[in-house]
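In: sequence and predicted structure below; questions after.
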2 protein chains.
Amino acid sequence: MTEPDEVLDNLAQVSFAVMAHLSQVAAAHELSLTQLRVLGILRDRTPKMAELATHLGLDRSSVSGLVDRAARRGLVSREASRDDGRSVRVSLTPAGADLARELTAEVSRVMAPMTAGLGTADRTRLGVLLGRMLA
Amino acid sequence: MTEPDEVLDNLAQVSFAVMAHLSQVAAAHELSLTQLRVLGILRDRTPKMAELATHLGLDRSSVSGLVDRAARRGLVSREASRDDGRSVRVSLTPAGADLARELTAEVSRVMAPMTAGLGTADRTRLGVLLGRMLA
DNA sequence: CTCCTTTAGTTGGTAATGCCCACTACTTTA
DNA sequence: TAAAGTAGTGGGCATTACCAACTAAAGGAG
């Protein structure tokens, strides 16, 4: 086969499409893709800055500014950790949680067409296969 | 079920993992994700600036600088279109083509572990399902 | 054939991203 | 208690990507 690898190629292609959709939703709310991601992460977590950085695959200093800007918009807040005077926990504000919910719904809506061509069974199968890749 | 949508959720998750891998390969060669993408696109195309912009989902002005920087590194070149004195065609230089090949191989290598947990049959099935989404 | 409009691309200005490095402040270890 | 390590911030930098304004080249209407 001359194919570099069809699965990986398709996977990359689809991933770019997903990113385009996510960026679109983010942009519609004046957010960057990273900010959208932050809100998504904070939906079910309250990490320290360093943990958030690891999660995002970014430098700590990058996350500082990121959280700064999100905080300035009233979407997240910092709370000093009581057990460790150095750390800071980041969490969603009520407004941030509202926005996160809204974004989640909108992402579902925007991404839905991507799997529209698959039948119910195939959709499920895809979900399982993707889930297996995350393990 | 409280799940918003497992398929889409997994898809987004996997997509971020893919992006992380691609970014990693790009960074190893002092390239941004977008630059990597440009090289990938130019592997089998010689688009005009506007076409490249559409393909990337970026503004024309963004692509100008992008191509500038890639050209400064000797990876791509601009050629004036003969039939339309306004357009410019972008193509890979030999060095750019070499790098693109190398990047392709490296991406395959880096991404391979993602599908390692799937058997041959499931791998193929996944490829088909993803391919169907691109149609 | 000349105007007028449209299209292709670049430039300049701005905000955000994300890196590295240096720094402060608080822990932990020795 | 001193030294080493860890958490987070801030400055400096190049890049990214937007918009708006611009130049140059086609295309259309009269």
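Out: Good, I have the coordinates.

In: now the helices for chain A?
Out: Assigned by DSSP state H, the helices in chain A fall at A:6-28, A:33-42, A:49-56, A:60-72, A:94-111, A:120-134.

In: with mean neighbour count added, can I get these in JSON lines?
Out: Every C-beta, even on glycine, is put in place using the N, C-alpha and C of the backbone. Output for the helices of chain A, formatted as JSON lines (neighbours: other CB atoms under 10 Å in any protein chain shown):
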{"stretch": "helix A:6-28", "mean neighbour count": "19"}
{"stretch": "helix A:33-42", "mean neighbour count": "20"}
{"stretch": "helix A:49-56", "mean neighbour count": "17"}
{"stretch": "helix A:60-72", "mean neighbour count": "15"}
{"stretch": "helix A:94-111", "mean neighbour count": "16"}
{"stretch": "helix A:120-134", "mean neighbour count": "16"}
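
In: so which of these comes closest to residue B:96?
Out: Using CB to CB as the criterion, the shortest distance between residue B:96 and those is 19.0 Å, found for helix A:6-28.

In: mind exporting the C-alpha coordinates of that closest one to PDB?
Out: As requested, C-alpha coordinates have been extracted for helix A:6-28 and formatted as PDB (Å, rounded to 0.1, in the frame of the first residue of the first chain):
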ATOM      1  CA  GLU A   6      -6.000   5.800   5.900                       C
ATOM      2  CA  VAL A   7      -7.200   5.600   9.500                       C
ATOM      3  CA  LEU A   8      -4.800   8.100  10.800                       C
ATOM      4  CA  ASP A   9      -5.300  10.400   7.800                       C
ATOM      5  CA  ASN A  10      -9.000  10.400   8.200                       C
ATOM      6  CA  LEU A  11      -8.600  10.900  11.900                       C
ATOM      7  CA  ALA A  12      -6.500  14.000  11.400                       C
ATOM      8  CA  GLN A  13      -8.900  15.300   8.800                       C
ATOM      9  CA  VAL A  14     -11.900  14.800  11.100                       C
ATOM     10  CA  SER A  15     -10.100  16.300  13.900                       C
ATOM     11  CA  PHE A  16      -9.500  19.500  12.000                       C
ATOM     12  CA  ALA A  17     -13.200  19.600  11.100                       C
ATOM     13  CA  VAL A  18     -14.000  19.200  14.800                       C
ATOM     14  CA  MET A  19     -11.600  22.000  15.700                       C
ATOM     15  CA  ALA A  20     -13.200  24.200  13.000                       C
ATOM     16  CA  HIS A  21     -16.600  23.700  14.600                       C
ATOM     17  CA  LEU A  22     -15.400  24.300  18.100                       C
ATOM     18  CA  SER A  23     -13.600  27.500  17.000                       C
ATOM     19  CA  GLN A  24     -16.700  28.600  15.300                       C
ATOM     20  CA  VAL A  25     -18.800  28.200  18.500                       C
ATOM     21  CA  ALA A  26     -16.000  29.900  20.500                       C
ATOM     22  CA  ALA A  27     -15.800  32.800  18.100                       C
ATOM     23  CA  ALA A  28     -19.500  33.300  18.200                       C
END
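
In: so that helix versus helix B:49-56, what angle?
Out: Following axes from the mean of the first three to the mean of the last three CA atoms, to 10 degrees, one obtains 100 degrees for the angle between helix A:6-28 and helix B:49-56.

In: helix A:6-28 versus helix B:33-42: what angle between them?
Out: Computed by the same axes, to 10 degrees, the angle between helix A:6-28 and helix B:33-42 is 130 degrees.
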